[in-house]
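Participant: Give me a 3D structure for the following:
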Amino acid sequence: MARHIASAALTPLVQGLAFPEGPRWHDGALWCADIADGRVLRIGSDGAVDIVVDGIPGVSGLGWLPDGRMLAVAGEQRALLRQASSGWQLHADLAPHVPADCNDMVVDAQGRAWVGNWGFDFLADARPATTVIVRVDPDGRAQAVADGMFFPNGSVVTPDGRTLIVAETYRGQLTAFDIADDGTLSPRRAWAALAEAKPDGICLDAEGAIWLASPPTRQVLRVREGGEITHRVDVPGDAVACMLGGTDRRTLFTLSVPLFAAAGSAHRFNDKATLRAVRGGRIDRMQVDVPGAGWP
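Facilitator: Numbering: from 1, shown residues only. Prediction:
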């Protein structure tokens, strides 16, 4: 039976955000995007927030190239941006490859970015449709490497760099691929079916289990391959992402927004003015036994 942990076990780190997403532990701090503000934030262990980047509409997935330059997904522009001394440059134009806004990604040890996208305009109540995963190489070349994906969202790469696991939100499933040396992917396989969860952001631990945000249940779940749920952590809002970090990678950060449980959630997601006014997004944390592993 899964261990059920009440939200009271969480300690608040940051409150008053508009829509936090894409958390990453990097260089001794927690980084995340705030989609509604168009910002990238660096958050210290004391909760102090630095605005690192401002003015990227729909900013979501974050990662770093081997030389330390940051990559950021500009979701509404369907582009991947690269940090430069003079500001931000286009790393890859993803619009020719994807039918809808881009969202989360993972960047592996070689600097290859694996980028997801919505697949359809769910803000306009469009009919759901499958889409692709795009791989962007360190030199900026982009190509679709997997199709038939149903809202590919949070992603991880295993410590050996050989497996990519993707949360298919609308399929309610974690899906795995083997990664070949040249970056091609094997045929997909179901890693864990989780119809109740509609998984969003995910992270991996050293035992090979995945922590995932489950918006419908307002929880963060720890799941083993095959679908066994070992832990359920209640969060104060609707869970959208999670990350293992801290000096020993045993701090679980949970990101939540009071959004999806409300009627007309897709339209509220699109109402950035309301999100900025309400500022109900928050990041909480707790200690766990098994440290994080792999990427991100």
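
Participant: ok, R69 - contacts?
Facilitator: By CB atoms under 8 Å, 6 or more residues apart in numbering, the residues touching R69 are R82, Q83, A84. Every residue, glycine included, has its C-beta placed from N, CA and C.

Participant: let me redo that: I5
Facilitator: Here I5 is in contact with H231, R232, V233, D234, M286 (CB under 8 Å, 6+ apart).

Participant: My read is that the first one contacts R222, right?
Facilitator: Right, the one you point to is H231. Yes - in this structure H231 lies within contact range of R222 using CB atoms under 8 Å: 3.9 Å.

Participant: Show me which of the two is the more surrounded one.
Facilitator: R222 (23 against 18; other CB atoms under 10 Å).

Participant: Moving C-terminal from the helix or strand hosting the more buried one, which element do we reach first?
Facilitator: Assignment of secondary structure by DSSP states H and E places R222 within strand 219-223. Using DSSP H and E, the next helix or strand after strand 219-223 towards the C-terminus is strand 229-234.

Participant: got the angle between that following strand and strand 219-223?
Facilitator: Orientation check (axes from the mean of the first three to the mean of the last three CA atoms, to 10 degrees): strand 229-234 against strand 219-223 gives 170 degrees.

Participant: For strand 229-234, name the packing helices and strands.
Facilitator: Applying 3 or more CB pairs under 8 Å, 6 or more residues apart in numbering; DSSP states H and E, one finds that strand 229-234 makes contact with strand 3-5, strand 219-223.

Participant: So what are the sheet partners of that strand and their directions?
Facilitator: strand 3-5 (parallel), strand 219-223 (antiparallel) (DSSP bridges).

Participant: Tabulate those in CSV, adding columns for distance to F151 and mean pLDDT.
Facilitator: As requested, the strands paired with strand 229-234 are exported to CSV (distance: least, CB to CB, whole Å; pLDDT from 0 to 100):
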stretch, distance to F151, mean pLDDT
strand 3-5, 27, 95
strand 219-223, 18, 98
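
Participant: so which of these is the most packed in?
Facilitator: Among the strands paired with strand 229-234, the stretch with the highest mean neighbour count (mean count of other CB atoms under 10 Å) is strand 219-223, at a mean of 26.

Participant: quick one on the thing from earlier: which other residues reach the strand holding R222?
Facilitator: 2, 174, 192, 194, 197, 205, 209-214, 229-235, 239, 242, 252, 254.

Participant: Show me which of those are buried.
Facilitator: 174, 192, 194, 197, 205, 209-214, 229, 231-235, 239, 242, 252, 254 (16 or more other CB atoms under 10 Å).

Participant: Among those, which lie within strands?
Facilitator: Mapping these onto strands (DSSP state E) picks out 174, 192, 210-214, 229, 231-234, 239, 242, 252, 254.

Participant: circling back: is it possible to get CSV of the strands paired with strand 229-234 that adds distance to Q15?
Facilitator: Shown next, in CSV, are those (distance: least, CB to CB, whole Å):
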stretch, distance to Q15
strand 3-5, 20
strand 219-223, 17
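
Participant: which of the ones in strands among the buried ones among the contacts of strand 219-223 lies closest to P291?
Facilitator: L252 (10.2 Å; CB to CB).

Participant: Can you give me the neighbour number for F150?
Facilitator: The burial count for F150: 18, using other CB under 10 Å.

Participant: what residues are up against it?
Facilitator: Residues counted as contacts of F150 (CB under 8 Å, 6+ apart) are G119, P128, T130, T131, E168, T169, Y170, R171.

Participant: try it again with 6 Å
Facilitator: T130, E168, Y170, R171 (CB atoms under 6 Å, 6 or more residues apart in numbering).
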